[in-house]
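Participant: Kindly generate the corresponding structure for this input.
(4 chains)
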Protein chains: 2
Amino acid sequence: MSYSKNIIDKNNLLFHIGLLTRHWRKVLDVEFQNCGLTEATWRPLLHLSHLGDGIRQKDLAASVGIEGPSMVRLVETLIAKGLVDRAEDSTDRRAKLLSLTDKGHSMVARIRETVLFREEQLLNIFTEDEVEQLAGFMERLESAVADARRKGK
Amino acid sequence: MSYSKNIIDKNNLLFHIGLLTRHWRKVLDVEFQNCGLTEATWRPLLHLSHLGDGIRQKDLAASVGIEGPSMVRLVETLIAKGLVDRAEDSTDRRAKLLSLTDKGHSMVARIRETVLFREEQLLNIFTEDEVEQLAGFMERLESAVADARRKGK
DNA sequence: TTAAAATAGATAGTATGCTATCTATTGTGA
DNA sequence: TCACAATAGATAGCATACTATCTATTTTAA
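Facilitator: Residues are numbered from 1 along each chain as shown, chains lettered A, B, ... in the order given. Below is the predicted model of the structure:
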């Protein structure tokens, strides 16, 4: 296995993808610290806005790609910040329905601007073709990892 | 921003890279749970083996890509498992020198087999050319993210 | 119809990363 | 020389993810 800092190859590719993830997250967290949000909290807001009001916690968790119990705490945080409402579901008393408050809606607008701008800016180092290639690679990786997870269980 | 589960594009690429990282880590953690290690603990062992005995904690942390305080706890875990030794540095009494125990060396051999096999297996969905392209994309991304981090500070 | 299985969410405990700060030691410049 | 800055590691506390488990419901099947 190669440990060079600058050269990425087959032997350290996954390691570097992991590093990249943490470092990019930190960049966005710095960007957002003035509105008191982190990637963990703004991402559910974005997904909630996209899926629409009245969705269940478990569906939001699935959309964001985390487990239910991880979402519980994040929702509590977002409610405490006045960005999200949690209501009873009259058709299923086990469930809770989530919706954005007015404050939540304006925060989503702000998040969209910031995230889209920063991620666009980062990915502008690539041509459109390259982005498409990279996205294709990631789709294939994701599906292979999903297979590996299924086999492991 | 697109939220489709299967289609990755410029707007959700970074999100999917993050998801991929967590999911792959989980696959390896399942693989390693019978020897009581996780990615966080086996990776320092690999890097220690590569860098050689007698290195300092801070250098190991830098190699693995984590901060010093994060390494402290991991080293304690590895010492408790009898895989690593921590000795005084006679030339600098602030520093500690790390080395692999015999048990640590044989664990490294086992880790190498497992990780290399699994990662090779995963990346075999790509041709050699594709791996090279992907690695090149990641190098460029990493360097762009490093620039963004420097600017943010 | 009703007992068992499944589901939604909450709670508890664990792991892993971070920053801020502390102590002890070493290096440096007036 | 000697006060101050820098460095190595440790400690404390926070954030975020996980699994396992609990309660309260709803669904299913005998």
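Participant: Check which helices and strands the longest helix seen in chain A is in contact with.
Facilitator: If you go by DSSP state H, chain A has its longest helix at helix A:128-152. Judged by 3 or more C-beta pairs under 8 Å, 6 or more residues apart in numbering or on different chains; DSSP states H and E, helix A:128-152 is in contact with helix B:13-32, helix B:102-123, helix B:128-152. All C-beta atoms are positioned from the backbone trio N, CA, C, and that covers glycine.
Participant: Looking at those helices, spot the one closest to B:Val84.
Facilitator: helix B:102-123 (5.6 Å; C-beta to C-beta).
Participant: Pull the number of nearby residues for the closest residue to A:Leu122 other than its chain neighbours.
Facilitator: The shortest distance from A:Leu122 to any non-neighbouring residue, by C-beta to C-beta, 6 or more residues apart in numbering or on different chains, is to B:Ala144 (5.7 Å). Here the number of neighbours of B:Ala144 (other C-beta atoms under 10 Å in any protein chain shown) works out to 18.
Participant: got it, and A:Val64?
Facilitator: Using other C-beta under 10 Å, the number of residues around A:Val64 comes to 21.
Participant: element containing the residue nearest the centre of chain A, please.
Facilitator: Geometric centre of chain A, nearest residue: A:Arg43, 4.6 Å, by C-alpha atoms, centre = their mean. Assigned by DSSP states H and E, A:Arg43 falls within helix A:39-51.
Participant: Okay, now the sheet partners of the helix or strand just after that helix, with direction.
Facilitator: Later in the chain than helix A:39-51, the nearest helix or strand by DSSP H and E is strand A:55-56. If you go by DSSP bridges, strand A:55-56 pairs up with strand A:96-100 (antiparallel).
Participant: one step back: what's the helix holding A:Arg43 packed up against?
Facilitator: With contacts taken as 3+ C-beta pairs under 8 Å, 6+ apart, helix A:39-51 sits against helix A:13-32, helix A:57-64, helix A:68-80, strand A:96-100, helix A:102-123.
Participant: Which one, of the ones you listed, ends up nearest to DNA strand D?
Facilitator: Shortest distance between DNA strand D and the helices and strands packed on helix A:39-51, using C-beta to the nearest atom of the strand, is found for helix A:68-80: 3.3 Å.
Participant: which parts of that closest one are buried?
Facilitator: Of the residues in helix A:68-80, A:Met71, A:Leu74, A:Val75, A:Thr77, A:Leu78 count as buried by neighbour count, 16 or more other C-beta atoms under 10 Å in any protein chain shown.
Participant: Would you reformat those residues as JSON lines and include pLDDT and distance to DNA strand C?
Facilitator: Shown next, in JSON lines, are those (pLDDT from 0 to 100; distance: C-beta to the nearest atom of the strand, whole Å):
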{"residue": "A:Met71", "pLDDT": "98", "distance to DNA strand C": "7"}
{"residue": "A:Leu74", "pLDDT": "98", "distance to DNA strand C": "10"}
{"residue": "A:Val75", "pLDDT": "98", "distance to DNA strand C": "6"}
{"residue": "A:Thr77", "pLDDT": "97", "distance to DNA strand C": "12"}
{"residue": "A:Leu78", "pLDDT": "98", "distance to DNA strand C": "12"}
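Participant: Which single one of those residues is nearest to B:Gly52?
Facilitator: Among those, A:Leu74 lies closest to B:Gly52 (C-beta to C-beta), at 42.8 Å.
Participant: Can you name the residues that contact the closest one?
Facilitator: A:Leu74 sits next to A:Ala40, A:Thr41, A:Pro44, A:Ile66 when contact means C-beta atoms under 8 Å, 6 or more residues apart in numbering or on different chains.
Participant: these two touch, right, the second one and A:Leu78?
Facilitator: The one in question is A:Thr41. Yes: with contact defined as C-beta atoms under 8 Å, A:Thr41 reaches A:Leu78; the gap is 6.2 Å.
Participant: Torsion angles phi and psi at A:Asp9?
Facilitator: phi -140, psi -170 (degrees, to the nearest 10).
Participant: Mind pulling up the pLDDT for it?
Facilitator: A:Asp9 carries a pLDDT value of 92.
Participant: Next, find the distance separating it from B:Leu60.
Facilitator: Applying C-beta to C-beta, to the nearest Å, the value for A:Asp9 to B:Leu60 is 22 Å.
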